[in-house]
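Engineer: based on what follows, work out the 3D shape:
(chains A, B, C and D)
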Protein chains: 2
Amino acid sequence: MTEPVPMGEQSEAERKIFEAARDVFHVQGYEGARMQEIADRAGINKAMLHYYYRSKEKLFEAVFRVSAMKVLPTILGIVRSDAGVPEKIAQIVHAYIDLLSKHPHVPGFIIQELRRNPGRLRRFIGQQAAGVFDQLSGEVDAAVDRGEIRPIKPEHLLANLIGLCVFPFIARPMLETVTGLDETAYDAFIEERKEVVTDFILHALKPT
Amino acid sequence: MTEPVPMGEQSEAERKIFEAARDVFHVQGYEGARMQEIADRAGINKAMLHYYYRSKEKLFEAVFRVSAMKVLPTILGIVRSDAGVPEKIAQIVHAYIDLLSKHPHVPGFIIQELRRNPGRLRRFIGQQAAGVFDQLSGEVDAAVDRGEIRPIKPEHLLANLIGLCVFPFIARPMLETVTGLDETAYDAFIEERKEVVTDFILHALKPT
DNA sequence: ACCCGATTTAACTAAATGGTTGAACCGTAT
DNA sequence: ATACGGTTCAACCATTTAGTTAAATCGGGT
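Structural biologist: Numbers count the residues shown, from 1 in each chain, chains lettered A, B, ... in the order given. Model (predicted):
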């Protein structure tokens, strides 16, 4: 081997495999993905997949972990910050749409896996996000009591917040068709949403 | 045969096959579905699937058509009605959430198929929904001009409207975990959303 | 009673797919 | 140079899966 691989690091081949697997799993989902296609994209033999990752399931697990980790911590960090509720909303919307623009297939990928195997994400969230909703919940209730925002149950606000950010990514081909936007215009549309969604939510919450 | 089957109608067997296929496809998706499981659920031999529907693809196509048809026309009818924009929004939200509560797996099913084969839904929407967005678009722009609602691009309003209705269904297991709601509480949560979402959108659009 | 077409089944086939194996390769340390 | 451990590959294997077939069944019309 030209370059020995330090313990705990990825070899060139392992990295290429992972990236190929990520691309294929993200678009095709677990069931739709073919080990042969992953090998082809990585430009290596199919047996290599099993040499580095023991099985399809293990390879998928690795991809899932990294993908979910890419999306969750950003949000959690903002929720944990000490900004007020309206500022948090603005920050989350901007950070989330920004992030998803860089990984546009992740939301659909997560949703798909959520259908196939709800348990995995449940465990994952249970570990990562424990207590975070309670914190947000408390802050929202307090802001409501203070009359800072109109009354709303935290679970509704959370669902609205995430739904508004995520939906354009998972339903992209549908919305493109309905609205008649081409790919470039749709990218601009998503970019606009950082402001539009923030504005939309804050107005919805503005006390009368 | 005990009951002859009139031309153009479904036999008992065909109906049972279709219902089993619908249930399996809705939850497993195309790739995840097994013809054997569909046959088992229908309580018939696997060969019968091919007798009535020539192939997995054809069977899926039938299920998809009916499922998409169940969800689209309701919305289209309301959009085409002559109610004002705020009334239309209220009607769509109520009708849509009501409808999805009866077919909770359909949104995820559609999304999954949208990823696997965007072309099919594109064609489907192209036929069914042609012109409907243009109408809604015109009405929204007019309402904005009249100062009836705050300025918003129709594509954003549409994305918000559908996203807010649909998201709790496709992300259900995730939201259940994060919020700690059990199945019964989550059903109540969805029921609440008819009012909450309507209220949320209308306030977001209320001129200042 | 018998025929006939529609329906149903068990057994089978062909292809695809995840996974395995044993040999070859390659750079390094002895 | 040689042995060695990690790496790579072509060929192979076992299982699963969609799809086929040919025979059996069933009920109504004659």
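Engineer: which parts of stretch A:172-192 are buried?
Structural biologist: A:Arg172, A:Pro173, A:Met174, A:Leu175, A:Glu176, A:Thr177, A:Val178, A:Thr179, A:Leu181, A:Tyr186, A:Phe189, A:Ile190 (16 or more other CB atoms under 10 Å in any protein chain shown). C-betas here are computed from N, CA, C, even on glycine.
Engineer: excluding chain neighbours, what is closest to the fifth one?
Structural biologist: Nearest residue to A:Glu176 in three dimensions, chain neighbours excluded: A:Tyr186, at 5.4 Å (CB to CB, 6 or more residues apart in numbering or on different chains).
Engineer: so who does the one you found touch?
Structural biologist: A:Tyr186 makes contacts with A:Arg172, A:Leu175, A:Glu176, as judged by CB atoms under 8 Å, 6 or more residues apart in numbering or on different chains.
Engineer: now do A:His156
Structural biologist: B:Phe189, B:Glu192, B:Arg193, B:Val196, B:Phe200.
Engineer: can you do 7 Å?
Structural biologist: B:Arg193, B:Val196 (CB atoms under 7 Å, 6 or more residues apart in numbering or on different chains).
Engineer: any chance you could map the helices in chain A?
Structural biologist: Using DSSP state H, the helices of chain A run over A:12-32, A:35-42, A:46-52, A:56-80, A:85-102, A:106-116, A:118-128, A:132-145, A:154-170, A:172-179, A:183-205.
Engineer: would you single out the least confident of those?
Structural biologist: Averaged per stretch, pLDDT over the helices of chain A is lowest on helix A:118-128, reaching a mean of 90.
Engineer: residues in contact with the residue nearest in space to the middle of chain A?
Structural biologist: Nearest to the mean C-alpha position of chain A, by CA atoms, centre = their mean, lies A:Val71 at 4.0 Å. The contact partners of A:Val71, by CB under 7 Å, 6+ apart, come to A:Leu99, A:Val106.
Engineer: how near is the nearest residue to A:Arg22 once chain neighbours are set aside to A:Glu57?
Structural biologist: Leaving aside its chain neighbours, A:Arg22 sits nearest to A:Val63 (4.9 Å; criterion: CB to CB, 6+ apart). From A:Val63 across to A:Glu57, the span is 11 Å (CB to CB, to the nearest Å).
Engineer: who's more crowded, these two?
Structural biologist: A:Val63 (24 against 10; other CB atoms under 10 Å in any protein chain shown).
Engineer: and A:Asp145, how many neighbours does it have?
Structural biologist: 10.
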